[in-house]
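# Okay, here's the prediction I keep looking at, along with the sequence it came from:
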Amino acid sequence: MLILTVFFAIGISKAKLNFSFEKFFAEGDKDVAFFKEYRQKFPQNDNLIYLAIHSGKPTVFDSVFIAKTNKMVKEIESFQYIEKILSFNTLKIPRKTPLGYDLRKVLKTETQEGLTNLRFNISKDSLFIRPFLSKDQTWSSIIILVDTSILDDDRRDFLVQKIESLALETGYKYVLTGVPVIRTQYVGNVKRELILFTAISFLLVLIVLFFIYRSWWGIGIPLIGLFVPLIWILGWMGWMGIEIDLMTTLLPSLMFIVGIADMVHLVTKFVLEVRKGRTRSAALRISLKEMGWAILVTAFAEAIGFASLFTSPILPLRNFGLYAATGIGFAFLITIGVLPAMLDKISTRSLIKTRINTLIDKDWNRFLLKIHNFTFKNKKLIYGLFLVFLVASLIGITKISTNVYLLDDIGKEDPIRKNMNSYSELFSGIRIFEMSVKPLQGISLQDPELIYQLEKVELYLCREFGISECMWVGKALKIENYVDHFQNIKYHKLPPKELIPEYIANLKSGAPEYYSGFVDEGGNQLRISARIGDLGSDRMARFEKSLEQYIRKTCPDPKFTWKLTGTSKLYEQNNKNLARGLLLGLAGSTLIMALALATLFRSPAMILIALIPNIIPLLFLGGIMGFAGITLKASSSIIFSISFGIALNDTIHFLSRFKLEMAQTKSLDIALRKTLFETGQAMILTTLTLLAGFCLLLFSDFGGTRYIGLFSAITLLLAALCDMFLLPLLISDLTFRSKKRAS
């Protein structure tokens with residue numbers, strides 16, 4: 001074990017972090033394949049950093065402000081990995097002259113007199129300046145295009161930090177946002193929470209072990225059993241070159257929280273047997289004989305719960321399920337193979353002196369007896385309450401929403417979300433709308449009917465979304481027409497149909513960079529792009545349907561086909577597949593778990609008894625999510641997998657003990673009482689430990705992590721109540737009836 005642990009510990013140093021958001025796209029999905037092809041043809045806007053600077057004066061046309069922002073823009077332009085900067089400071093506007101066309105810089109002066117004159121003469125150029133100045137002209141926007149090769153590594157973080165440092169140096173109020181910035185801040189928060197919650201989880205386990213055993217070995221041995229599997233799984237990932245992503249950062253905390261349960265059951269049983277006067281070897285044999293199968297099945301249940309994520313189309317979820325299930329397997333091997341060997345080295349005197357007797361005194365037995373008596377005296381009440389819970393949960397499940405927002409997991413007061421909302425209010429949203437348009441076969445890009453039909457689409461998009469402007473080849477034609485008529489605002493429209501081919505040819509030769517950004521090389525595909533707010537997937541779905549109806553109505557003879565795409569669209573599309581994959585995964589896990597229980601109990605009634613108390617909490621969880629309006633997405637979906645495996649733990653220990661007691665006493669009532677006395681204490685303590693562990697996640701800055709903590713805790717609490725109150729009734733009623741039928 002020591003050699004393996006050292007080997008895997010070295011592997012940890014080789015583990016790499018990769019927080020690529022594109023990994024959350026569903027593999028094999030036709031929409032993802034379409035987007036990847038689309039991205040090869042057109043430059044994407046996920047590499048835009050938006051920096052808004054407040055002038056601190058009634059207007060941005062202030063000499064000091066312009067001088068400082070000019071200096072800042074020049075410094076940013078000198079940074080590595082900066083492709084281009086678009087801003088009021090660098091803006092050039094096309095002009096028509098007797099000699100042809102040229103580009104003239106808007107901001108030619110830093111003197112106050114020149115800026116004042118510019119302010120009053122700039123209205124005719126508002127079409128060009130509008131994206132860079134707020135409506136009240138007190139904010140200036142700087143749009144920074146970043147090299148896409150750095151979007152998923154540390155170079156992005158370093159660049160964002162340099163830009164923010166420059167913004168701070170100006171002394172002005174600023175807003176910094178955009179996908180690269182959000183990724184940097186998001187990943188920074190994840191790394192910080194990984195360290196924080198791993199440390200807190202370790203401290204929690206330390207406190208629990210001290211409370212239970214009050215001895216050095218009672219703390220040290222279980223800690224070894226927790227740390228070794230964690231080192232193995234992280235080391236294995238490192239040696240295999242598997243990158244740690246946003247989901248797998250939860251592994252350390254979960255391994256600490258989940259791994260302690262079986263160890264507490266085994267160690268407690270071992271100590272109790274030694275206190276009965278048995279030798280250490282005999283106590284270990286009895287403990288492993290009576291609890292070995294239960295520990296195996298509980299480990300299998302937990303692994304199967306995580307393995308239900310294998311059906312997800314999202315790679316990080318599948319990876320999380322795989323690594324968590326493997327970690328559970330490693331923990332089982334340590335618990336069964338290594339832990340007993342270490343316990344056998346502890347002196348009998350130390351074991352007898354262990355203050356575990358605080359857990360098995362008469363107060364505990366009296367408390368558990370009260371639970372037993374209450375359960376059987378109030379059978380109808382208990383069944384009724386659980387039935388009400390079940391019906392309410394089924395109703396709530398029908399209300400589960402899949403309406404996702406890009407920053408759902410970010411708190412409303414988090415700077416990431418506040419900055420994005422602030423920028424959206426000042427200028428426009430940072431969510432990128434992408435629409436692919438393909439002319440029908442035989443239709444040329446220069447076909448005037450095609451361009452005029454697409455203008456109808458543009459006007460509809462602007463009206464429905466409140467977009468100030470859509471970027472497409474038609475936009476360039478309008479500007480060309482506007483400039484061609486000496487900036488007469490009446491001509492900011494498409495040129496006459498007969499001039500469309502000429503204008504497109506001029507655009508292709510005179511502004512090839514703009515043309516290629518919105519028309520592919522063969523002229524077979526066009527792009528319509530815009531910035532919009534974070535509207536939510538439901539509203540976007542409704543809009544897509546209404547757009548389809550509008551095009552069908554206004555273009556009875558369409559010259560094109562169309563499709564919405566982009567990273568935002570794909571992120572929303574994932575959630576449509578998520579619910580179906582989750583249900584299939586849980587159904588498969590339940591079936592596999594039923595087969596595993598059949599090998600342990602070899603009784604259809606006992607399989608049903610084991611599953612009912614653990615399916616009810618999952619249904620209850622779905623009901624809560626539905627009534628509370630919690631959205632089903634990648635981060636919240638793993639709650640079901642976590643809860644399913646962990647909740648079965650206590651049920652299997654209870655039923656395994658009941659099977660042994662029933663074989664010895666042959667009395668159902670006595671067997672149930674003795675089972676509750678033997679397992680009730682460990683069940684309550686492990687449940688409280690798990691609750692405390694998951695409640696720690698409530699302090700996370702991320703909504704998804706908070707929901708994992710909250711709903712896992714609620715589900716485990718309900719599962720414990722099912723085990724304490726419903727499970728004995730099911731055993732009594734179902735086993736009695738099955739025996740009666742058999743006789």
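All right, it came through fine.
# how about residue 15, secondary structure?
In the three-state summary, residue 15 is assigned as coil, counting by DSSP: H, G, I helix; E, B strand; the rest coil.
# just the helices in the stretch 401-550 of the chain please.
Taking DSSP state H, counting those that start in this stretch, the helices of the stretch 401-550 of the chain run over residues 415-426, 448-465, 473-484, 500-510, 512-518, 537-554.
# again but with the stretch 601-743 of the chain, I slipped
In the stretch 601-743 of the chain, the segments counted as helices under DSSP H, counting those that start in this stretch are 604-628, 634-665, 668-696, 703-721, 727-730, 736-742.
# Which other helices and strands does the longest one contact?
Right, helix 634-665. Packed against helix 634-665, as judged by 3 or more CB pairs under 8 Å, 6 or more residues apart in numbering; DSSP states H and E, are the following elements: helix 251-275, helix 280-307, helix 315-333, helix 567-601, helix 604-628, helix 668-696, helix 703-721, helix 727-730. All C-beta atoms are positioned from the backbone trio N, CA, C, and that covers glycine.
# still on that earlier bit, with respect to the helices of the stretch 401-550 of the chain, which exhibits the lowest mean confidence?
Set side by side, the helices of the stretch 401-550 of the chain show their lowest mean pLDDT on helix 512-518, which sits at a mean of 82.
# List the residues that contact residue 134.
The contact partners of residue 134, by CB atoms under 8 Å, 6 or more residues apart in numbering, come to 52, 140, 141, 426, 427.
# next one: residue 181
The contact partners of residue 181, taken as CB under 8 Å, 6+ apart, are 49, 50, 160, 419.
# With respect to residue 549, which of the residues you listed is nearest?
In terms of CB to CB, no member of the contacts of residue 181 lies closer to residue 549 than residue 50, at 33.2 Å.
# hmm, back to that, going by neighbour count, which of the contacts of residue 134 comes out on top?
Neighbours here mean other CB atoms under 10 Å. Within the contacts of residue 134, the largest count is held by residue 140, at 25 neighbours.
# rewinding a little: return the subset of the contacts of residue 134 lying in strands.
52, 140, 141 (DSSP state E).
# Among these, pick out the one closest to residue 274, please.
Using CB to CB, residue 52 comes nearest to residue 274 of these, at 69.0 Å.
# Please name the residues that touch the closest residue to residue 690 other than its chain neighbours.
Ranked by CB to CB, 6 or more residues apart in numbering and with sequence neighbours excluded, the top spatial neighbour of residue 690 is residue 716, at 5.3 Å. Residue 716 sits next to 617, 643, 646, 647, 687, 690, 691, 694 when contact means CB under 8 Å, 6+ apart.
# returning to what we had before: would you turn the contacts of residue 181 into JSON lines with neighbour count?
Formatted as JSON lines, the entries for the contacts of residue 181 read as follows, by neighbours: other CB atoms under 10 Å:
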{"residue": "49", "neighbour count": "26"}
{"residue": "50", "neighbour count": "24"}
{"residue": "160", "neighbour count": "23"}
{"residue": "419", "neighbour count": "21"}
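# which ones among those residues are found in strands?
With strands identified by DSSP E, the entries of those that belong to them are 49, 50.
# Go through the helices of the stretch 401-550 of the chain and pick out the most buried.
Highest mean neighbour count among the helices of the stretch 401-550 of the chain (mean count of other CB atoms under 10 Å): helix 473-484, with a mean of 20.
# Check which helices and strands that helix sits against.
Using 3+ CB pairs under 8 Å, 6+ apart as the contact test, the elements touching helix 473-484 are strand 92-97, helix 448-465, helix 500-510, helix 512-518.
# Let me have the ones you listed in JSON lines, adding distance to residue 484 as columns.
Converted to JSON lines, those look like this (distance: least, CB to CB, whole Å):
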{"stretch": "strand 92-97", "distance to residue 484": "6"}
{"stretch": "helix 448-465", "distance to residue 484": "16"}
{"stretch": "helix 500-510", "distance to residue 484": "8"}
{"stretch": "helix 512-518", "distance to residue 484": "16"}
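# Tell me which of these sits nearest to residue 207.
Ranking the helices and strands packed on helix 473-484 by proximity to residue 207 (CB to CB) places helix 448-465 first, at 52.9 Å.
# So which residues make contact with that closest one?
433, 435, 437, 439, 443-444, 467-470, 472-475, 477, 494, 497-498, 500-501, 526, 528, 530, 532, 535, 543, 546-547, 550-551, 554-555, 558-560, 562.
# what about 7 Å?
Outside of helix 448-465, the residues within contact range by CB atoms under 7 Å, 6 or more residues apart in numbering are 437, 439, 443, 467, 470, 472, 474, 494, 497, 500, 528, 530, 532, 543, 547, 550-551, 554-555, 558-560.
# swap in stretch 267-281?
Contacts made with stretch 267-281 from outside it, assessed by CB under 7 Å, 6+ apart, are listed as 222, 283-284, 286-287, 290-291, 343-344, 348, 351-352, 354, 356, 682.
# Please identify the buried residues of stretch 265-283?
By neighbour count, and taking 16 or more other CB atoms under 10 Å as the criterion, the buried residues in stretch 265-283 are 265-275, 278, 280, 283.
# from those, which is closest to residue 593?
For the buried residues of stretch 265-283, the minimum distance to residue 593 (CB to CB) is 18.9 Å, reached by residue 265.
# isn't that closest one right next to residue 291, touching?
Yes - when contacts are counted by CB atoms under 7 Å, residue 265 is listed as touching residue 291 (6.2 Å).
# still on that earlier bit, so how far is residue 639 from the residue nearest to residue 690?
Residue 716 sits 11 Å away from residue 639, taking CB to CB, to the nearest Å as the criterion.
# do residue 148 as well
Counting by CB to CB, the gap between residue 148 and residue 639 amounts to 34 Å.
# which of the two has more neighbours?
For residue 148 and residue 639, the more surrounded residue by other CB under 10 Å is residue 639, and the numbers stand at 25 against 15.
# For residue 446, grab phi and psi.
In this entry, residue 446 is assigned phi and psi values of phi -80, psi 0 (degrees, to the nearest 10).
# Repeat that for residue 107.
In this entry, residue 107 is assigned phi and psi values of phi -90, psi 90 (degrees, to the nearest 10).
# Ok, residue 90 next?
phi -110, psi 0.
# Could you pull up the residues touching the residue lying closest to it once chain neighbours are set aside?
When the adjacent residues along the chain are set aside, residue 90 lies closest to residue 73, with 6.3 Å between them (CB to CB, 6+ apart). Listed by CB under 7 Å, 6+ apart, the contact set of residue 73 reads 85, 87, 89, 90, 142.
# I appreciate the help and will end here.
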